[in-house]
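1. okay, here's the prediction I keep looking at, along with the sequence it came from:
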Amino acid sequence: MQVYLVGGAVRDQLLGRPVTDKDFVVVGATIEQMLTAGFQQVGADFPVFLHPKTQEEYALARTERKQGHGYQGFSVYANPDVTLKEDLQRRDLTINAMAIEVTSLTDDTPLTNEIIDYYGGLNDIKDKTLRHISCAFSEDPLRVLRVARFYGRYYDLGFTIAEDTLVLMQQLVSSGELAHLSAERIWQESSRATMQSSPHVYWQQLFDIGALTEGFSPLHDAWMDTAVRETVQTALYFAGQMQLNLSQRWALLMTSLSANLFASTALDSSLDVSLPTKHMNQIGNSVKVPKVHTQFANLFVQQLPTLSKIDALSAAEKIDLIQTCSAHKTPEKLSQLLVCSHVFQLALQHRQMMLALHSYHEIGMDDIASGLRGPEIGAALRQARITHLETFSPF
Ligand SMILES: Nc1ccn([C@@H]2O[C@H](COP(=O)(O)OP(=O)(O)OP(=O)(O)O)[C@@H](O)[C@H]2O)c(=O)n1
């Protein structure tokens, strides 16, 4: 019997990131041997066991074949004759398919320094590439979301998705396979991705490959608008940097559904939130978003015009805001809403200035009169840039 540390733990160790959970594969063992060694079998379909002390997962090496749709339609073959190479081949990405042999079932000290790498994971770590192992990638549509999540997680390290992997992801989307994913799996991946330090990357990637249509279609429609998409992405980026909680990040994502929030003047007028509320609830139901997040997002979108002008509120308006947010019972909720409101406005301002910067770069020496000298050049450039920005319409 051989025991190997596999998957995320090997990958994160190589990337110098904290290893949060360890998964092991056991080759050449039977279910009976595992039970005799004190391991507890979990899951009826898969031969997976929990270590009696550490509770870490030990799976018998297995191969899988696609039988039906979605994440669950697999037939599993686990026998002592399944090799490590076969087990690793059914996995999603090369960087997730490396192994380190450990001493025994009860001692996870590595036997040697060797990284077992049949599918080019080490090279892809070096090249910072998320690459599928084989066409078996397409047997599990959840992998579309997983790859987008890994892309977001390692975005700061400079990782990209390999072209041919992106093609497989797109094919999975257009085949309609994502419709067979359970709401729980979609939310699990999406909420994890949203809590990463670059949450915008996951959502942008799903939008780019048309994967937001599954469960998130109102979001997809809203993101067709460049102003909405760019502002919300920036808001999510700031949310990641500022370590906002999941409710706050979800609320910022859901502001996408209120297009009128993106015209800066609209924040002063009373906002009709019936349609965004309907869409938020629709997403909440189809992806089974925990109610606490949808409720917070609804409250945020409704109160954003008020939250964004705290300085100008009358005493009566402040009292009403306190009551609407139940701040007399849970003051931290009001604080969280205020932070969200700042992040949203910062994103609006950021986009405004990025557009101004874009406009600025469009003006050069060719746009001013020839023959000017010294300070006249600077003054003419400044004036040309002002005039250009005043009429600038990028999209
Ligand atoms: N749909 C999936 C889910 C998992 N795996 C494989 O199973 C391993 C363990 O899966 P999991 O614990 O879900 O992911 P990790 O890679 O450990 O990533 P994370 O750090 O996000 O938990 C992965 O590395 C990958 O080899 C896969 O191929 N396809």
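-> Arrived safely, thanks for sending.

2. and the closest residue to the ligand within the chain, how many neighbours?
-> Closest approach between the chain and the ligand, counting by CB to the nearest ligand atom: Gly8, at 2.4 Å. The way it works is simple: take the backbone N, C-alpha and C, and place the C-beta from them, glycine included. Neighbours of Gly8 under the rule other CB atoms under 10 Å: 17.

3. next: Glu56.
-> 15.

4. local confidence estimate at it?
-> pLDDT for Glu56: 94.

5. buried ones in the longest helix along the chain?
-> Ranked by residue count, the top helix of the chain under DSSP state H comes out as helix 331-361. Neighbour counts over helix 331-361 (16 or more other CB atoms under 10 Å) mark 334, 336-337, 339-341, 343-345, 347-348, 350-351, 355, 359 as buried.

6. now do stretch 240-260
-> Quick answer for stretch 240-260 (16+ other CB under 10 Å): 240, 244, 246-259.

7. packing partners for the helix or strand containing Leu381?
-> Assigned by DSSP states H and E, Leu381 falls within helix 375-390. When contacts are defined as 3 or more CB pairs under 8 Å, 6 or more residues apart in numbering; DSSP states H and E, helix 375-390 sits against helix 331-361.

8. ok, Leu166 - contacts?
-> Ile209 (CB atoms under 8 Å, 6 or more residues apart in numbering).

9. er, Gly240 actually
-> Listed by CB under 8 Å, 6+ apart, the contact set of Gly240 reads 196-200, 249.

10. for the chain, list the residues in contact with the ligand, please.
-> Applying CB under 6 Å from any ligand atom, one finds that the chain approaches the ligand through 7-8, 23, 91-92, 96-97, 140, 142-143, 146.

11. report the separation between the residue of the chain closest to the ligand and Ile377.
-> Going from Gly8 to Ile377 by CB to CB, to the nearest Å gives 57 Å.

12. try Lys128
-> Using CB to CB, which is the criterion applied here, Lys128 is 43 Å from Ile377.

13. can you check Gly38 too?
-> For Gly38 relative to Ile377 (CB to CB), the value is 81 Å.

14. and Ala227, what helix or strand is that in?
-> helix 226-241.

15. any idea which helix or strand comes after that helix?
-> On the C-terminal side of helix 226-241, the closest following helix or strand by DSSP H and E is helix 246-254.

16. those helices in the stretch 101-250 of the chain, which residues are they?
-> 121-127, 142-153, 163-174, 183-194, 199-208, 217-223, 226-241, 246-254 (DSSP state H, counting those that start in this stretch).

17. looking at these, which is buried most?
-> Most buried of those by mean neighbour count (mean count of other CB atoms under 10 Å) is helix 246-254; its value is a mean of 25.

18. that one: how far from the chain's middle?
-> From the chain centre to the centre of helix 246-254 is a distance of 13 Å (CA atoms, centre = their mean, to the nearest Å).

19. same question for stretch 33-41.
-> Distance of stretch 33-41 from its chain centroid, counting by CA atoms, centre = their mean, is 37 Å.

20. nearest residue to Lys85 other than its sequence neighbours?
-> Leaving aside its chain neighbours, Lys85 sits nearest to Tyr118 (5.1 Å; criterion: CB to CB, 6 or more residues apart in numbering).
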